[in-house]
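Chemist: mind looking at a prediction? Sequence and model below.
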Amino acid sequence: MTLAPAVAAIKELRRLDLVNRAREMGKYLGEKLHALQPKHPSIGEVRGLGLFWALEMVKDQAKKTPFNTKQDKVDGKVSVVDRVAAEMMKRGVSVQAWISHFVIAPPLIIEKHELDFAVDQLDQSLAIADAAIGQ
């Protein structure tokens, strides 16, 4: 067993300065995601660090009541986040949907115009969640 692949990966991280890049691009992404919250009553919380973010989806922002529960998942119910994620996939953006939130973790080499595109698609797709409030 060799550690050569790990050593090579660390060298690339350093050569491309990916830690600082993740910090810089993560700040940019975070600002864009936070800007969505006032526009969408279905966003309960935006949290993250670097290029690893989560968007909590709720049917009541004040109470932070999630649309779906673990039991809904066990019962095989289609969740609101799954519906939004499916719409995003149609629009060319992949996002990890969990029971009541999205995990947004783009590659460290992502460009700003790609983040702009992805957040724009998320913004449009969140109309599904906003419409589900009160249903």
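Modeler: Sure thing, it's come through. Residues are numbered from 1 along each chain as shown.

Chemist: these two touch, right, Ala129 and Ala85?
Modeler: No: look at Ala129 against Ala85 with CB atoms under 8 Å: they stay out of range, at 10.5 Å. No exception for glycine: its C-beta is placed from N, CA and C like everyone else's.

Chemist: hmm, who's touching the helix or strand in which Leu115 is found?
Modeler: Counting by DSSP states H and E, the element that carries Leu115 is helix 112-125. Identification of contacts with helix 112-125 by CB atoms under 8 Å, 6 or more residues apart in numbering yields 25, 28-29, 32-33, 36, 39-40, 55, 84, 87-88, 91-93, 95, 102, 104, 106.

Chemist: filter those residues down to the buried ones, ChimeraX style.
Modeler: Only the buried entries of these go into this ChimeraX selection, using 16 or more other CB atoms under 10 Å:
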select :25,29,32,33,36,40,55,84,87,88,93,95,102,104,106
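
Chemist: any idea of the mean pLDDT in the longest helix seen in the chain?
Modeler: Selection of the longest helix in the chain by residue count, based on DSSP state H, yields helix 18-36. Mean per-residue pLDDT for helix 18-36: 96.
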